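In: Could you work out the structure for the sequence below:
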Amino acid sequence: MAEVLRYTAFSDDPDGGNPAGVVLDATGMSDSEMLATAAEVGYSETAFLAPRDGEPRAYDVRYFAPEAEVAFCGHATVASGVALAEKHGAGALTFHTRAGAIAVDTVNQDGRLWATLTSVEPQVVPADVTLVAEVLDTLGWSRDDLDPRYPVSCANAGVWHLVLVTRTRERLANLSYPFDRLRDVMQRANLTTLQLVWPDHYGTFQSRNPFPVGGVVEDPATGAAAAAFGAYLAHHGLVAPDAAFSIEQGVDMGRPSLIHVALSADTTRVRVSGKAVAL
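Out: Presented below is the predicted three-dimensional model:
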């Protein structure tokens, strides 16, 4: 098996964040080899990087969950950026993914490495009412559980997510679902995760992300969903065009994560930042 580095992203504590596998040189690996490696690693995602000839600090990147390939993964991007910064020094990187080119900036701040990704051009569309009804029924939720200030939408900043914002923290905390049933509903709708969110009273958002399509019950940190959520908020005018905010995820799983999101009045692309540490 190729050498797999192991990092946790969106935390500087090995007991927090979302673990990711990172293969820094996957040149020549087949799809089946990458999928088998990701399954053996067992994390929600493993990133496979192949350096581009003649393009310094540029890589072709593939992301595999234990059961499927995903076009883009934020936490594995942050983990890969930090792994490359440790090996080659901080600076700008370019990741060519199946979702498009992703700029990744790495910096050393106070002895900690950070990575910031800039998303592809996002999309936000109204969610199909039948899909929403199916998802709510599968989660055991109702329309009354949702905060009416936040339109139910599908958002994409690399992959698609259904955004559901709850009225209460208790509703978010009480999460269980039939794995196979939700996976089937999400696969039919081409959803990668559900972005389940509660806006707290401090300007921070609490989030949970079921990920059954990848063979994972829940992600403790989801950078792709954070980017999509930033685009969602901007699209609906729910934050200022140049807003910056944080998402806390993984708390209910015992793996707290902190994801920083920044918008810009000059572009619809979303910047997502976080720390990562080797495991």
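In: Let's verify Thr37: helix, strand, or coil?
Out: Assigned by DSSP: H, G, I helix; E, B strand; the rest coil, the conformation of Thr37 is helix.
In: now swap in Val82 and tell me
Out: Going by three-state DSSP: Val82 is helix.
In: Secondary structure element for Asp242, which one?
Out: Using DSSP states H and E, Asp242 sits in no helix or strand.
In: measure it to Arg271 for me?
Out: 11 Å (C-beta to C-beta, to the nearest Å). The way it works is simple: take the backbone N, C-alpha and C, and place the C-beta from them, glycine included.
In: any common contacting residues for these two?
Out: Leu263, Ser264 (C-beta atoms under 8 Å, 6 or more residues apart in numbering).
In: Which one's more surrounded, the two?
Out: Arg271 (19 against 11; other C-beta atoms under 10 Å).
In: show me the residues around the closest residue to Asp13 other than its chain neighbours that make contact.
Out: The shortest distance from Asp13 to any non-neighbouring residue, by C-beta to C-beta, 6 or more residues apart in numbering, is to Val277 (7.2 Å). When contacts are counted by C-beta under 8 Å, 6+ apart, Val277 touches Tyr7, Thr8, Ser11, Asp12, Asp13, Pro14, Gly17, Val82.
In: now could you export just the CA positions of stretch 132-146 as CSV?
Out: Provided in CSV are the C-alpha atoms of stretch 132-146 (Å, rounded to 0.1, in the frame of the first residue of the first chain):
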residue,chain,number,x,y,z
VAL,A,132,-36.9,17.7,1.6
ALA,A,133,-39.9,15.6,2.8
GLU,A,134,-38.0,12.4,2.3
VAL,A,135,-35.0,13.6,4.2
LEU,A,136,-37.0,15.0,7.1
ASP,A,137,-39.0,11.8,7.4
THR,A,138,-35.8,9.7,7.3
LEU,A,139,-34.3,11.9,10.0
GLY,A,140,-37.5,11.8,12.1
TRP,A,141,-37.7,15.6,11.8
SER,A,142,-40.6,17.8,10.8
ARG,A,143,-41.0,21.1,9.0
ASP,A,144,-41.7,22.6,12.4
ASP,A,145,-38.1,21.7,13.5
LEU,A,146,-36.7,24.1,10.8
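In: buried set for that stretch?
Out: Val132, Glu134, Val135, Leu136, Thr138, Leu139, Trp141, Asp145, Leu146 (16 or more other C-beta atoms under 10 Å).
In: And this structure, split by domain according to the record?
Out: Domain assignment for the chain, taken from automatic domain parsing, gives 5-115, 123-272.
In: any chance of the ones you listed in a markdown table, plus mean pLDDT?
Out: Putting those into a markdown table (pLDDT from 0 to 100) gives the following:
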| stretch | mean pLDDT |
| --- | --- |
| domain 5-115 | 97 |
| domain 123-272 | 97 |
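In: about what we covered before: which among the contacts of Val277 end up buried?
Out: Tyr7, Thr8, Ser11, Asp12, Gly17, Val82.
In: Identify, from the buried residues of stretch 132-146, the entry nearest to Leu263.
Out: Leu146 (23.3 Å; C-beta to C-beta).
In: residues in contact with that closest one?
Out: So Leu146 contacts Val152, Leu164, Val165, Thr166, Arg167 (C-beta under 8 Å, 6+ apart).
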